[in-house]
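A.B. asks: structure of the sequence below:
(one chain, ligands or ions: 1)
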Amino acid sequence: MNQLLSTPAKIELRHVTHLYVSTSRAFMAVRDINLRVEEGEFICLVGPSGCGKTTLLSLIAGLEKPTAGKVLIEGASVQGTSRQVGYMLQQDYLFNWRTIEENVFLGLDIQGIRNKETEDYALHLLAEMELADVRHSYPAQLSGGMRQRVALVRTLACQPDILLLDEPFSALDYQTKLKLEDLIFSALRRHKKTAILVTHDLSESIAMGDRIYILARNPGRINSEVAVPAEIRSALPFDARNLPGFQDLFHQVWKEMEVVSDATKGN
Ligand SMILES: Nc1ncnc2c1ncn2[C@@H]1O[C@H](COP(=O)(O)OP(=O)(O)OP(=O)(O)O)[C@@H](O)[C@H]1O
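C.D. replies: A predicted model of the protein is given here:
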C-alpha cells in the first residue's frame with residue numbers, strides 16, 4: 001500500500017482548476033479536480049454536456065495549462081504536448097488527398113520520427129486493425145468505422161504510452177461502434193496502454209473501463225467514482241454487456257448520472 005502511494009501515478013491531477021479567460025469574462029470549466037490513473041488502467045469520464053471532460057483531456061495532453069493545481073505524468077509536471085500522449089477525437093481528421101498509408105505516416109512525419117523501423121511498425125498496426133488491404137486506398141473509399149481505425153493506427157504509430165479518446169465512437173452506427181470497441185479495447189490491452197475515454201454512452205463506459213469517474217457541471221467537478229468488477233473488466237466489451245452484474249452496475253451509474261443531471265438542471 002505504502003509502495004503504491006509512493007509510486008508516481010501514470011497520470012495525476014492534483015487540485016486542478018481551470019478557467020477559460022477571454023477579454024470580456026472568465027469561465028470556470030473545472031474546479032479542484034483530483035484523480036489518479038495507474039499505468040495500464042482504462043479510465044472513463046462521463047457526465048452531462050459541459051462538465052469539463054474535454055477540458056480535462058486537453059489539460060492532460062498539455063494543450064491547456066491549468067489555472068491552478070498540477071497535472072503530472074509519471075510525477076513530472078506536464079509542459080506542453082509530448083509524444084508520450086496520443087489524442088484521438090470523434091472526427092478522424094484524415095486528409096482526403098493522401099492514401100491511408102500516407103495519412104498514417106503523416107503522424108510520424110509530424111513527430112519527426114519517420115524511418116524504416118517506424119514505418120514498418122505503422123504497417124504492422126494497419127494489418128492488426130485489418131486495414132492492410134486498404135493501405136493504398138483513399139479515406140473517401142472507406143467506411144466511418146474503417147476511418148476511425150486508421151485514425152487509431154496513426155495515433156498508435158507514434159508509440160504513445162497514454163491514449164486520450166474523446167468520444168471516438170459517437171459518430172458511428174451502433175453495430176460498427178460495438179465492433180470497434182472490441183478492436184480498440186484489445187489493441188490497447190495488447191500494447192499495454194494507459195487510456196482515458198470520454199463518452200456519453202454509460203454502457204460503453206462500463207464495458208470498456210476499469211474505473212468510471214462521474215462528473216457534475218457548473219463548475220465541472222468529480223461527483224463520484226465507480227470501480228468495474230474484475231469479471232466485467234476481463235471480458236471483451238461486447239461480451240461484458242451480457243454478464244451478470246452488468247445491468248446492476250448500469251443502474252448504479254445511471255442513478256449517479258441522474259443525481260448530477262438533476263443537480264445542474266437549469267444551470
Ligand atoms: N475555449 C473555451 N473558451 C471558453 N469556454 C470554453 C472553452 N472550451 C470549453 N469551454 C466551456 O467549458 C465548459 C466545459 O467544456 P468541455 O468541452 O470541457 O465540456 P464537456 O464535458 O467535454 O462537454 P461535451 O460533453 O458537450 O463535449 C463548457 O461550459 C464549455 O462551454
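A.B. asks: how close does the residue nearest to the spatial centre of the chain sit to F185?
C.D. replies: Central residue of the chain (CA atoms, centre = their mean): L165, 2.4 Å from the mean position. Note on L165: its distance to F185, by CB to CB, to the nearest Å, is 11 Å. Where C-beta positions appear, they are placed from N, C-alpha and C, glycine not excepted.
A.B. asks: and what of Q84?
C.D. replies: Separation of Q84 from F185 (CB to CB) stands at 21 Å.
A.B. asks: tally of neighbours for F105?
C.D. replies: Neighbour count for F105, taken as other CB atoms under 10 Å: 19.
A.B. asks: that one: what secondary structure?
C.D. replies: Of the three states, F105 takes helix under DSSP: H, G, I helix; E, B strand; the rest coil.
A.B. asks: which parts of the stretch 151-267 of the chain are strands?
C.D. replies: Counting by DSSP state E, counting those that start in this stretch, one finds strands in the stretch 151-267 of the chain at the ranges 162-166, 194-198, 211-216, 221-227.
A.B. asks: before we move on, the earlier item: neighbour-wise, which of Q84 and F185 wins?
C.D. replies: F185 (21 against 16).
A.B. asks: list the contacts of that one.
C.D. replies: F42, M208, L236, P237 (CB atoms under 8 Å, 6 or more residues apart in numbering).
A.B. asks: so which of those residues wins on neighbours?
C.D. replies: M208 (28 neighbours).
A.B. asks: helix, strand or coil: sort out R36 for me.
C.D. replies: strand.
A.B. asks: from the ligand, how far off is it?
C.D. replies: Here the criterion is CB to the nearest ligand atom, to the nearest Å. By it, R36 lies 20 Å from the ligand.
A.B. asks: excluding its backbone neighbours, what's nearest that residue?
C.D. replies: Distance criterion CB to CB, 6 or more residues apart in numbering; nearest residue to R36, sequence neighbours excluded, is A9 at 4.4 Å.
A.B. asks: pLDDT score for the one you found?
C.D. replies: A9 is assigned a pLDDT of 95 by the prediction.
A.B. asks: Provide a list of residues in contact with it.
C.D. replies: By CB under 8 Å, 6+ apart, the contact set of A9 is R36, V37, E38, L72, E74, G75.
A.B. asks: which segments of the protein make up each domain?
C.D. replies: 2-84+162-176+188-263, 94-159 (automatic domain parsing).
A.B. asks: ok, the residue lying closest to F95 once chain neighbours are set aside - contacts?
C.D. replies: In this structure, F95 finds its nearest non-sequential neighbour in N103, 5.9 Å apart by CB to CB, 6+ apart. Counting by CB under 8 Å, 6+ apart, N103 touches L94, F95, P139, V150, R154.
A.B. asks: tell me the phi and psi of the second one?
C.D. replies: Main-chain dihedrals, F95, degrees, to the nearest 10: phi -90, psi 120.
A.B. asks: and it, what does it touch?
C.D. replies: E102, N103, L106, P139.
A.B. asks: which one (most neighbours) among those residues?
C.D. replies: Neighbour-wise, the contacts of F95 (other CB under 10 Å) top out at N103, 23 neighbours.
A.B. asks: tell me where the model's unsure across this structure.
C.D. replies: Scanning the chain for pLDDT under 70 picks out the ranges 1-5, 263-267.
A.B. asks: contact residues of it facing the ligand?
C.D. replies: Y20, F27, A29, G47, S49, G50, C51, G52, K53, T54, T55, G220 (CB under 6 Å from any ligand atom).
A.B. asks: can you tell me which of the residues you listed are in helices?
C.D. replies: K53, T54, T55 (DSSP state H).
A.B. asks: in JSON lines: those, plus distance to G62.
C.D. replies: Listed next are these as JSON lines, based on distance: CB to CB, whole Å:
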{"residue": "K53", "distance to G62": "17"}
{"residue": "T54", "distance to G62": "14"}
{"residue": "T55", "distance to G62": "13"}
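A.B. asks: buried ones only from these, please, as a ChimeraX command.
C.D. replies: To isolate the buried ones among these in ChimeraX, judged by 16 or more other CB atoms under 10 Å, type:
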select :53,54,55
